[in-house]
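S.K.: Just a sequence and a predicted model for now, questions to come.
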Amino acid sequence: MIISNINVNSNDSDDGDFKGHYDEGVFFTKGMVSIYHFNEFSKFGINGLRILQYIRTKQGLIPRTNPLSNKFNTWIYVDNKNLYEWFGVHQSTKWELLKKMKKANLIDYIPRGSGHLPRVRIVLPEKNLN
């Protein structure tokens, strides 16, 4: 497991709606990444790894006071805007990969209907259990 403690400070300006947001976007994975997860998601190409990075980043952004913070199987919402802006994965590619990854038992997702964000979590264990 790759473990790092990096603090990222958000924008402290008082611009109302944008208070606490990051100016330059996200260019890192906040949270631990299992090498087994990395190997299994890499079988789906670069966009598979980008989805793993997005999931782990969203899970890592959960406040540490939450008991679910930084757990690989925590449910998150996958939105199109941040997935594209942060990691360059388009909406149609997202849905293709989510379906393939669910079929391969890497993730679990709940579609929640048209126009709603899907909920996603990693169900693959952190280690290869023979």
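M.R.: Arrived safely, thanks for sending. Residues are numbered from 1 along each chain as shown.

S.K.: And the contacts of the helix ranked longest in the chain?
M.R.: Taking DSSP state H as the criterion, the chain has its longest helix at helix 45-60. For helix 45-60, the external contacting residues (Cβ atoms under 8 Å, 6 or more residues apart in numbering) are 26, 28-33, 37-38, 41-42, 44, 69-72, 74, 76-78, 82-83, 86-89, 93-94, 97-98, 101, 107, 120-122. Every residue, glycine included, has its C-beta placed from N, CA and C.

S.K.: Put the buried members of the residues you listed into a PyMOL selection.
M.R.: The buried subset of the contacts of helix 45-60, as determined by 16 or more other Cβ atoms under 10 Å, is captured in PyMOL by this line:
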select buried, resi 26+29+30+31+32+33+37+41+44+72+74+76+78+82+83+86+87+89+93+94+97+98+101+107+120+121+122
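
S.K.: contacting residues around stretch 89-100?
M.R.: 44, 47-48, 50-51, 54, 78, 80, 83-84, 107, 109, 118, 120.

S.K.: Now do the helix or strand hosting residue 83: everything it contacts.
M.R.: Assigned by DSSP states H and E, residue 83 falls within helix 80-87. The contact list for helix 80-87, computed with Cβ under 8 Å, 6+ apart, reads 25, 26, 50, 51, 53, 54, 57, 89, 90, 91, 94.

S.K.: okay, now the fifth one: neighbour count?
M.R.: For residue 53, the tally of surrounding residues (other Cβ atoms under 10 Å) stands at 21.

S.K.: same thing with the third one?
M.R.: Applying other Cβ under 10 Å, we find 20 residues neighbouring residue 50.

S.K.: how close does it sit to residue 113?
M.R.: Taking Cβ to Cβ, to the nearest Å as the measure, residue 50 falls 25 Å from residue 113.

S.K.: try the fifth one
M.R.: Per Cβ to Cβ, residue 53 is found 26 Å from residue 113.
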